[in-house]
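Student: requesting a structural model of the entry that follows:
(2 chains)
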There are 2 protein chains.
Amino acid sequence: MRPLLLVSAGIALGAAAPAKMPTPGDIVANAPASAWKPIPPDDVLIMELKNGGRVVIQLAPDFAPVHVANIRALARSDYWKDATVYRVQDNYVAQWGNNESEKPWPAGVTAKPPAEYTRPLKGLRVKSLGSPDPYAPAAGFVNGWPVAYSAKAGWANLAHCYGSVGVGRDLSPDTGTGGELYAVIGHSPRHLDRNIAVVGRVIEGMENLSSLPRGTEALGFYKDKAQYVPIANVRLEALPGAAQASTYEYLDTQSSSFAQYLRVRANRKDDFYIRPAGGVDLCNVNVPVRRRPGR
Amino acid sequence: MRPLLLVSAGIALGAAAPAKMPTPGDIVANAPASAWKPIPPDDVLIMELKNGGRVVIQLAPDFAPVHVANIRALARSDYWKDATVYRVQDNYVAQWGNNESEKPWPAGVTAKPPAEYTRPLKGLRVKSLGSPDPYAPAAGFVNGWPVAYSAKAGWANLAHCYGSVGVGRDLSPDTGTGGELYAVIGHSPRHLDRNIAVVGRVIEGMENLSSLPRGTEALGFYKDKAQYVPIANVRLEALPGAAQASTYEYLDTQSSSFAQYLRVRANRKDDFYIRPAGGVDLCNVNVPVRRRPGR
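Tutor: Numbers count the residues shown, from 1 in each chain, chains lettered A, B, ... in the order given. Below is the predicted model:
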């Protein structure tokens, strides 16, 4: 008995073999260098856990500039010194911060940021998803990010997908500062779109959050403080004052490689798949992100 | 600083408080006993892991009868004696079975089942999702199950949602027997719909699969056999020859409570949510399942 094959590897075509439709992995592997865009080190937040786990987050300053400025200021301060992951709710979120402590905000933090839940669509170049979206008039991709938008009303929002990072907040009109963050660890909770500030996404080490034990209290909070997962440090990849090359890059969502990737994601037909869906949902596309060659 | 509140508790309305829209949790808590349907013990598969974790799966004989008959026959045999969870791929699946061993099939197992990827729509009473579905002409709920369907072509399929259990298989036309199973532990991989037999869903103990360490080999296979998670036993809740009451029940998807639940899932507006989406995707609805009162 053989194991379930859910992804087929790249296929070497012999003379007698029929032509196969490429897999998404084939397209990513064959994308030219010009199809990849670097992620600036100032947009890369690195969180190290005391258990050795490392979580790398790409920030989205084009969508939540005040919250991202806060997160950068916090990363340059000692705010995260005693912070922990204190809530892990199955099929929902892992959340970290200084849970209910009244730690003062360091310099440079806006205590009451505006509600950066949407931004103007104007100025954004969107690659359309090409499938209907239940949560918004339309959906697509902007600079590597999954977005929902309304062309008529002129707004766009970052979508809550698996791995998306958002800003914990109390009841409205509070918008949170960025001192409590969460990552989505289950089916994408798109009902949070336009109700919470999404500030980024996990691009490496997601398993260090998603495989944490689930909390047994309401909403997945850990019952005992002994269960809290201590954070060793949170910092930006960019070093102050130093020029630094990017470690990470994403597949340009305006590239023809991405267009092909999207088409295949919506129409899987290779050795494993026999019935293409003819459509795909926004959060099932997973914009490829990788380390730059040699990094 | 207060933690992120993503679900508000039931709200006691005082004389001066404005009326609030109920949360999904309010609706479930207030659903009458008549809105709940028992899950027959013969449809309940219990998998106990040697680490103490217990995973309860509801089987779907109306959608994959031959595969479910196989799974019941396997549960009554010693097939699972040396089985393990041997693959955990982040944002995809946890998979268990006798990975690549050539263990013979016990009596009652159909070695080459038909492709039970869809079934006739005829005979099914569907509660419509009411939102567009990117993967099929329409989506909704049948007897508590999330389904996609085509009224025109006359088929319906169980959807691959978080917690869905499917049958591992090799390349087509193999359909798998039921001796290798997987559960979805990430964003719902709906592109698998109509390409694999879905046979059930996890209704309790999902965290015992979703929080397992991720495998580091390709496709999330564990590298060393020492990492395999041994299965203690797999059995049906129903005892042979004995009448037994149901332990679990689901919210009848034809009930007015479910209709209200679905409406609120698509239009969250309570103390926490300020902008209802006006839509919801199939796998973000989560049909409520619980233990029957007193069980």
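Student: for the residue of the stretch 151-295 of chain A found nearest chain B, grab the count of nearby residues.
Tutor: For the stretch 151-295 of chain A and chain B, the shortest gap (Cβ to the nearest Cβ) falls at residue A:168, measuring 3.0 Å. For the C-beta atoms, the positions are set from N, CA and C on the backbone; glycine is no exception. Other residues near residue A:168 come to 26 when the count uses other Cβ atoms under 10 Å in any protein chain shown.
Student: correct me, but it touches residue A:181?
Tutor: Yes - counting by Cβ atoms under 8 Å, residue A:181 is a contact partner of residue A:168 at 6.5 Å.
Student: between these two, which contacts overlap?
Tutor: Common neighbours of residue A:168 and residue A:181 (criterion: Cβ atoms under 8 Å, 6 or more residues apart in numbering or on different chains): A:95, A:97.
Student: for the residue nearest the centre of chain A, what is the enclosing helix or strand?
Tutor: Chain A has residue A:201 as the residue nearest its centroid, 2.2 Å off, counting by Cα atoms, centre = their mean. Using DSSP states H and E, residue A:201 falls within strand A:198-204.
Student: wait, doesn't residue A:176 sit right on residue A:197?
Tutor: Yes - if you go by Cβ under 8 Å, residue A:176 and residue A:197 touch, sitting 6.6 Å apart.
Student: need the overlap of contacts for these two.
Tutor: Taking Cβ under 8 Å, 6+ apart as the contact rule, residue A:176 and residue A:197 both touch A:67, A:113, A:167, A:169.
Student: where along the stretch 151-295 of chain A do the strands fall?
Tutor: Per DSSP state E, counting those that start in this stretch, the stretch 151-295 of chain A carries strands over the ranges A:155-158, A:164-167, A:180-184, A:198-204, A:229-236, A:248-251, A:289-291.
Student: how about those in CSV, adding mean pLDDT?
Tutor: Formatted as CSV, the strands of the stretch 151-295 of chain A follow (pLDDT from 0 to 100):
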stretch, mean pLDDT
strand A:155-158, 98
strand A:164-167, 98
strand A:180-184, 98
strand A:198-204, 98
strand A:229-236, 97
strand A:248-251, 98
strand A:289-291, 98
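Student: I'd like these laid out as CSV, including distance to residue B:88.
Tutor: Below are those laid out as CSV (distance: least, Cβ to Cβ, whole Å):
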stretch, distance to residue B:88
strand A:155-158, 28
strand A:164-167, 21
strand A:180-184, 18
strand A:198-204, 17
strand A:229-236, 19
strand A:248-251, 24
strand A:289-291, 21
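Student: neighbour-wise, which of residue A:176 and residue A:197 wins?
Tutor: Between residue A:176 and residue A:197, counted using other Cβ under 10 Å, the more crowded position is residue A:197 (29 against 25).
Student: now do the same for residue A:9: its pLDDT.
Tutor: For residue A:9, the pLDDT comes out at 29.
Student: my error: substitute residue A:6 in the last question.
Tutor: Residue A:6 is given a pLDDT of 45.
Student: then the one 10 residues further on?
Tutor: Per-residue confidence at residue A:16 stands at 41 (pLDDT).
Student: same thing with residue A:61?
Tutor: At residue A:61, pLDDT is 98.
Student: kindly list the main-chain dihedrals of it?
Tutor: With angles defined as degrees, to the nearest 10, residue A:61 sits at phi -60, psi -20.
Student: over to the one 4 residues further on?
Tutor: Residue A:65 adopts backbone torsions of phi -60, psi -40, taken as degrees, to the nearest 10.
Student: tally of neighbours for it?
Tutor: Residue A:65 has 16 neighbours, counted by other Cβ under 10 Å.
Student: who's in contact with it?
Tutor: Counting by Cβ under 8 Å, 6+ apart, residue A:65 has contacts residue A:116.
Student: for residue A:233, same thing?
Tutor: Residue A:233 neighbours (Cβ under 8 Å, 6+ apart): A:47-48, A:80.
Student: output those as a markdown table; include the columns pLDDT and distance to chain B.
Tutor: Rendered in a markdown table, the data for the contacts of residue A:233 read as follows (pLDDT from 0 to 100; distance: Cβ to the nearest Cβ, whole Å):
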| residue | pLDDT | distance to chain B |
| --- | --- | --- |
| A:47 | 98 | 17 |
| A:48 | 98 | 18 |
| A:80 | 95 | 13 |
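Student: format those as JSON lines; extra columns: neighbour count and secondary structure.
Tutor: As requested, these are arranged in JSON lines below (neighbours: other Cβ atoms under 10 Å in any protein chain shown; DSSP: H, G, I helix; E, B strand; the rest coil):
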{"residue": "A:47", "neighbour count": "25", "secondary structure": "strand"}
{"residue": "A:48", "neighbour count": "18", "secondary structure": "strand"}
{"residue": "A:80", "neighbour count": "21", "secondary structure": "coil"}
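Student: between those, which is nearest residue A:86?
Tutor: For the contacts of residue A:233, the residue nearest residue A:86 by Cβ to Cβ is residue A:80; the value is 13.0 Å.
Student: burial count for the closest residue to the closest one other than its chain neighbours?
Tutor: Of all residues beyond its chain neighbours, the one nearest residue A:80 is residue A:234 (4.1 Å), with distances taken as Cβ to Cβ, 6 or more residues apart in numbering or on different chains. Per other Cβ under 10 Å, the neighbour tally for residue A:234 reads 22.
Student: partner residues bridging residue A:234?
Tutor: Counting by DSSP bridges, residue A:234 forms beta bridges with residue A:47.
Student: could you pull out the strands in the stretch 1-150 of chain A for me?
Tutor: Assigned by DSSP E, counting those that start in this stretch, the stretch 1-150 of chain A shows strands spanning A:36-38, A:44-49, A:54-59, A:84-88, A:93-97, A:119-120, A:127-128, A:138-142, A:145-150.
Student: the strand holding residue A:201 and chain B in contact?
Tutor: No - taking Cβ under 8 Å from any Cβ of the partner chain as the criterion, strand A:198-204 and chain B are apart, separated by no less than 10.2 Å.
Student: any idea of the angle that strand forms with strand A:54-59?
Tutor: Interaxial angle of strand A:198-204 relative to strand A:54-59 (axes from the mean of the first three to the mean of the last three Cα atoms, to 10 degrees): 140 degrees.
Student: who does strand A:198-204 pair up with?
Tutor: Strands that pair with strand A:198-204, judged by DSSP bridges, come out as strand A:54-59 (antiparallel), strand A:164-167 (antiparallel).
Student: now those as JSON lines including distance to residue B:33 and mean neighbour count?
Tutor: Below are the strands paired with strand A:198-204 laid out as JSON lines (distance: least, Cβ to Cβ, whole Å; neighbours: other Cβ atoms under 10 Å in any protein chain shown):
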{"stretch": "strand A:54-59", "distance to residue B:33": "45", "mean neighbour count": "22"}
{"stretch": "strand A:164-167", "distance to residue B:33": "37", "mean neighbour count": "28"}
